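K.L.:
got a sequence here, can you build the structure:
(one chain, ligands or ions: 2)
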Amino acid sequence: MTAYPHLLAPLDLGFTTLKNRVLMGSMHTGLEETRDWNRVAEFYADRARGGVGLMVTGGIGPNMEGSVLPGAAMMTSEKDVANHSIVTARVHEAGGKIAMQILHAGRYAYGPKCVAPSPVKSPISPFPPTELDEEGIEKQIGDIVNAAVLARQAGYDGVEIMGSEGYFLNQFLVTHTNKRTDRWGGAYENRMRLPIEVVRRTREAAGRDFIIIYRLSMIDLVPNGSTFDEVVQLAKEIEKAGATIINTGIGWHEARIPTIATSVPRAAFAWVTKKLMGQVSIPVITSNRINTPEVAEEVLASGCADMVSMARPMLADADFVNKAAAGLGDRIAPCIACNQACLDHTFGGKLTSCLVNPRACHETELVVVKAAAPRTVAIVGAGPAGLSTAITAAQRGHAVTVFDKADEIGGQLNMAKQVPGKEEFWGLVDWYRVMLADLGVKVELGRAVGADDLAGFDEVVIATGVSPRDPAIPGQDRANVLSYIDVLRHKKPVGKRVAVIGAGGIGFDVSEFLLEEGHSPATDLPLWMKEWGVTDPAQHRSGLAPEGPQPAKPVREVTLLQRKAKAHGRDLGKTTGWIHRATLKMKGVNFVGGVNYEAIDDAGLHVSFGEARENPTVIACDTVVLCAGQVSDRSLADALEAKGVSCHVIGGADVAAELDAKRAINQGTRLALTF
Ligand code: NAP
Ligand code: SF4
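P.N.:
Residues are numbered from 1 along each chain as shown. Ligands and ions are numbered 1, 2, ... in the order given. You can find the predicted model right below:
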């Protein structure tokens with residue numbers, strides 16, 4: 001008997017059956033744009049082999065004006081059909097099913113030729129869109145339908161028509177972006193005409209036995225978005241127009257409410273999809289922040305949806321479904337919703353991967369095969385760099401021993417997991433522990449090894465990490481000065497007024513920790529909704545609370561300082577930095593930049609400003625916390641070198657600057673494929 005009976009139940013669509021209730025949601029990986037179709041095929045085939053019921057590709061443009069970017073993948077020609085056929089054939093061979101997402105970006109298209117219902121520029125794009133005339137609208141419909149017909153020719157099992165997240169079809173639905181007075185604007189019946197026409201004509205052209213998923217925005221989270229009555233009305237019309245399945249979209253891209261970041265509670269929006277259940281008779285899919293089989297099962301068992309969409313979790317572990325089905329749920333590499341290697345890469349114009357699984361989107365390049373000759377491998381340091389080396393090396397058949405002077409594995413991950421909104425790191429450390437045991441890695445904790453202990457190993461890997469940088473501020477040895485390690489690891493007492501020195505990732509983390517103190521909105525959905533001003537869309541249009549965000553009173557007064565004059569947090573994650581900045585701002589954090597640290601004494605932290613050290617100021621505080629960056633801990637590597645023992649130095653011990661878990665895990669995994 002499986003622990004996930006709802007998740008693993010087949011879904012009969014009439015003309016075809018999905019083997020379980022897991023949809024791999026659409027992700028813009030950038031793979032299609034590499035034009036290396038073997039690589040694209042392998043990415044999807046790997047997930048098909050992993051047991052997922054149905055996959056949706058990244059967004060494919062139906063024409064130039066609707067493509068997300070110039071040069072983005074489109075489905076417009078026989079050549080496109082031939083390329084995509086490579087993907088569908090490989091997926092079918094692997095026993096999977098795949099639908100192509102047709103994404104018309106409208107005013108979100110990053111190019112001067114973008115089109116929209118009305119010339120209303122998006123706040124997240126520099127390009128004002130051109131208003132479409134009647135002929136232009138007909139062309140867009142024709143192009144979307146054509147893309148669906150070509151997708152069928154290419155062997156896809158269906159298409160997903162992207163109607164949410166503030167893209168083209170969504171832009172017609174709401175008065176926020178549709179100011180038209182013709183038959184495509186004005187009354188709701190007119191504004192919803194376009195999505196309905198698109199689905200109706202796609203069904204007509206593509207035939208009956210073809211999956212059409214319509215991704216419908218159930219809570220827009222932008223001013224003047226849809227009411228829930230309008231959402232239900234649209235869903236019913238979309239069903240009548242011939243859709244097979246309705247998928248959930250949450251929030252427009254320009255919404256200032258986080259919808260998928262790690263600080264969003266798990267399954268935070270399943271209740272929104274549940275409101276549509278029973279209103280239509282076709283299956284309904286829910287989405288966002290569902291990342292374990294337990295959460296997915298609970299969502300389905302409690303009647304929130306007929307199917308769950310998980311996108312990023314399929315990057316973290318292609319075998320998610322097979323492992324769940326085999327009762328090996330604790331072996332599933334968890335998506336920690338960090339966005340660091342997926343969405344941040346996409347928005348940075350880089351190929352997507354995954355922080356916990358560097359093989360994601362690199363399936364043809366990083367192939368884990370058994371080593372020709374097993375070797376003995378010593379790894380010093382059980383942080384992310386050392387652990388990822390250990391797992392990959394053990395998977396290759398090497399005999400691996402991991403040493404760490406701490407009495408637990410995880411290194412800096414153990415500090416990250418203490419931060420409110422970063423609870424997913426607990427699961428990552430747990431996963432490493434399970435995998436080490438599963439793969440027979442020997443782990444020696446509480447053991448500070450020296451160069452002599454490492455004699456006799458074929459390969460020695462130094463992953464000893466980093467130490468805090470010494471900012472050399474007069475008075476920093478006083479009792480009221482702590483390091484981030486004292487705060488996050490040793491939980492030393494901190495006063496009510498705090499000055500945090502250094503506004504990098506750790507300065508932000510420490511500030512969030514000090515503001516919340518033991519209570520995290522990420523594990524308390526009603527509190528999280530209140531903090532961000534999210535409410536029931538049936539009560540208030542678009543799901544925006546009329547009173548706006550209502551942050552809980554912070555536990556402390558925090559001043560966050562840096563020497564740079566530029567805005568705080570500019571170097572945090574591309575897609576999540578704004579959330580950290582907004583959180584701290586909501587909680588009244590005082591951002592101070594362009595400072596020189598002069599001294600710390602009884603009065604607090606003394607600073608001056610600019611090169612001329614002007615405006616001496618005292619930041620009155622009870623505690624100063626040092627988060628001034630980190631330096632490599634290379635002492636063991638140096639000792640080995642002095643003895644002429646060769647070793648591999650990775651992670652923070654290699655380069656401390658801009659170290660994060662993504663680089664550490666990537667470096668460790670790649671190293672283990674070389675010996
Ligand atoms: P960091 O990002 O390099 O930031 C170090 C901070 O210390 C900067 O604000 C820097 O700003 C300041 N600083 C540097 N030298 C200083 C000195 N001599 N005296 C006083 N201040 C000094 O390092 P981190 O905060 O330790 O983070 C380490 C790594 O973990 C980073 O790569 C970070 O991205 C990653 N991380 C990421 C997240 C995330 O949310 N993605 C969270 C935690 C950690 P000024 O030079 O302007 O003073
Ligand atoms: Fe999940 Fe982070 Fe991997 Fe993206 S990079 S898939 S958010 S773990």
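
K.L.:
name the nearest residue to Pro117, sequence neighbours excluded.
P.N.:
Asn178 (4.2 Å; C-beta to C-beta, 6 or more residues apart in numbering). Every residue, glycine included, has its C-beta placed from N, CA and C.

K.L.:
same question but for Thr29, I mixed them up
P.N.:
Thr352 (4.0 Å).

K.L.:
so what's the backbone phi/psi at that neighbour?
P.N.:
phi -70, psi 150 (degrees, to the nearest 10).

K.L.:
measure it to Arg215 for me?
P.N.:
19 Å (C-beta to C-beta, to the nearest Å).

K.L.:
more crowded one of those two?
P.N.:
More neighbours surround Arg215 than the other of Thr352 and Arg215, with 28 against 22 (other C-beta atoms under 10 Å).

K.L.:
that one falls within a helix, correct?
P.N.:
No - counting by DSSP: H, G, I helix; E, B strand; the rest coil, Arg215 is not found in a helix; it is strand.

K.L.:
per-residue pLDDT, it?
P.N.:
Predicted confidence (pLDDT) for Arg215: 98.

K.L.:
if I look at it, how far off is Arg193?
P.N.:
Separation of Arg215 from Arg193 (C-beta to C-beta) stands at 18 Å.

K.L.:
which one is the residue most central in space within the chain nearest to, not counting chain neighbours?
P.N.:
Central residue of the chain (C-alpha atoms, centre = their mean): Asn339, 3.1 Å from the mean position. Of all residues not flanking Asn339 in the chain, Thr575 sits nearest, at 4.8 Å (C-beta to C-beta, 6+ apart).

K.L.:
relative to His345, how far out is that neighbour?
P.N.:
Shown here: Thr575 relative to His345, a distance of 10 Å by C-beta to C-beta.

K.L.:
do Glu641 as well
P.N.:
Remark: distance between Glu641 and His345 (C-beta to C-beta) = 34 Å.

K.L.:
and those two? which has more neighbours close in?
P.N.:
Ranked by neighbour count (other C-beta under 10 Å), Glu641 and His345 place His345 first, with 22 against 15.

K.L.:
how about the stretch 51-200 of the chain: which residue is closest to ligand 1?
P.N.:
Among the residues of the stretch 51-200 of the chain, Ile124 lies nearest to ligand 1; the distance is 20.8 Å by C-beta to the nearest ligand atom.

K.L.:
can you check the stretch 451-600 of the chain too?
P.N.:
Counting by C-beta to the nearest ligand atom, the stretch 451-600 of the chain gets nearest to ligand 1 through Gly504 (2.0 Å).

K.L.:
isn't that residue right next to Gly629, touching?
P.N.:
Yes - if you go by C-beta atoms under 8 Å, Gly504 and Gly629 touch, sitting 6.1 Å apart.

K.L.:
which residues of this structure score low on pLDDT?
P.N.:
658-659 (pLDDT under 70).

K.L.:
so which bits of it are right by ligand 2?
P.N.:
Residues of the chain lying close to ligand 2 (C-beta under 6 Å from any ligand atom) are 312, 315-316, 335-342, 354-356.

K.L.:
restricted to helices, list those residues.
P.N.:
Judged by DSSP state H, helices contain the following of the residues of the chain next to ligand 2: Arg312, Leu315, Ala316.

K.L.:
what's near enough to touch the closest residue to the last one other than its chain neighbours?
P.N.:
Translated: Ala316. Spatial nearest neighbour of Ala316, excluding adjacent residues (C-beta to C-beta, 6+ apart): Cys335 at 4.0 Å. Shown in contact with Cys335 (C-beta atoms under 8 Å, 6 or more residues apart in numbering): Asn291, Met310, Arg312, Pro313, Leu315, Ala316, Asp317, Cys354, Val356, Glu424.

K.L.:
against Asn596, how distant is Cys335?
P.N.:
Distance of Cys335 to Asn596, computed by C-beta to C-beta: 42 Å.

K.L.:
the strands in the stretch 401-550 of the chain, which residues?
P.N.:
For the stretch 401-550 of the chain, the strands defined by DSSP state E, counting those that start in this stretch cover 442-444, 459-462, 466-468, 481-483, 497-501.

K.L.:
tell me which parts of this protein are close to ligand 1?
P.N.:
Counting by C-beta under 6 Å from any ligand atom, the residues of the chain close to ligand 1 are 469, 471, 501-507, 509, 562-564, 572-573, 627-630, 658-660.

K.L.:
just checking, Gly25 touches Val56?
P.N.:
Yes - using C-beta under 8 Å, Gly25 makes contact with Val56 at a distance of 6.0 Å.

K.L.:
these two: who's more crowded?
P.N.:
Val56 (26 against 23).

K.L.:
phi and psi next, for that one.
P.N.:
Dihedral pair for Val56: phi -120, psi 130, per degrees, to the nearest 10.

K.L.:
excluding sequence neighbours, find me the nearest residue to it.
P.N.:
Ser26 (4.3 Å).

K.L.:
ok, Asp317 next?
P.N.:
Nearest residue to Asp317, sequence neighbours excluded (C-beta to C-beta, 6+ apart): Ala333, at 4.1 Å.

K.L.:
identify the residues contacting the one you found.
P.N.:
By C-beta under 8 Å, 6+ apart, Ala333 lies in contact with Ala316, Asp317, Val356, Asn357, Trp431.

K.L.:
separation between it and Asp430?
P.N.:
According to C-beta to C-beta, Ala333 stands 11 Å off from Asp430.

K.L.:
mind jotting down where the helices sit in the stretch 551-675 of the chain?
P.N.:
Using DSSP state H, counting those that start in this stretch, the helices of the stretch 551-675 of the chain run over 577-586, 635-642, 661-672.

K.L.:
what sits against Leu276?
P.N.:
Here Leu276 is in contact with Met218, Val231, Val232, Ala235, Ile246, Thr248, Val284 (C-beta under 8 Å, 6+ apart).

K.L.:
10 Å instead, please
P.N.:
Leu276 makes contacts with 216, 218, 228, 231-232, 235-236, 246, 248, 284, 286, 304-305, as judged by C-beta atoms under 10 Å, 6 or more residues apart in numbering.

K.L.:
ditto for Glu239
P.N.:
Val199, Tyr214, Ile245, Ile246, Gln279, Val280, Ser281, Ile282.

K.L.:
hang on, it in a helix?
P.N.:
Yes - using three-state DSSP, the assignment for Glu239 is a helix.

K.L.:
sorry, back to before: as TSV, the ones in helices among the residues of the chain next to ligand 2 with distance to Thr88 and neighbour count would be great.
P.N.:
Shown next, in TSV, are these (distance: C-beta to C-beta, whole Å; neighbours: other C-beta atoms under 10 Å):
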residue	distance to Thr88	neighbour count
Arg312	23	25
Leu315	20	27
Ala316	24	24
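
K.L.:
and the residue in the stretch 351-500 of the chain that ligand 2 sits nearest to, how many residues sit next to it?
P.N.:
For the stretch 351-500 of the chain, the residue closest to ligand 2 is Cys354, as judged by C-beta to the nearest ligand atom, at 3.3 Å. Neighbour count for Cys354, taken as other C-beta under 10 Å: 28.

K.L.:
check contacts around it.
P.N.:
Taking C-beta under 10 Å, 6+ apart, we find Cys354 in contact with 312-318, 333, 335-336, 338, 340-342, 345, 360-362, 662, 665-666.

K.L.:
again, only using 7 Å
P.N.:
Listed by C-beta atoms under 7 Å, 6 or more residues apart in numbering, the contact partners of Cys354 are Leu315, Ala316, Ala341, Cys342, Ala360.

K.L.:
this completes my enquiry, with thanks.
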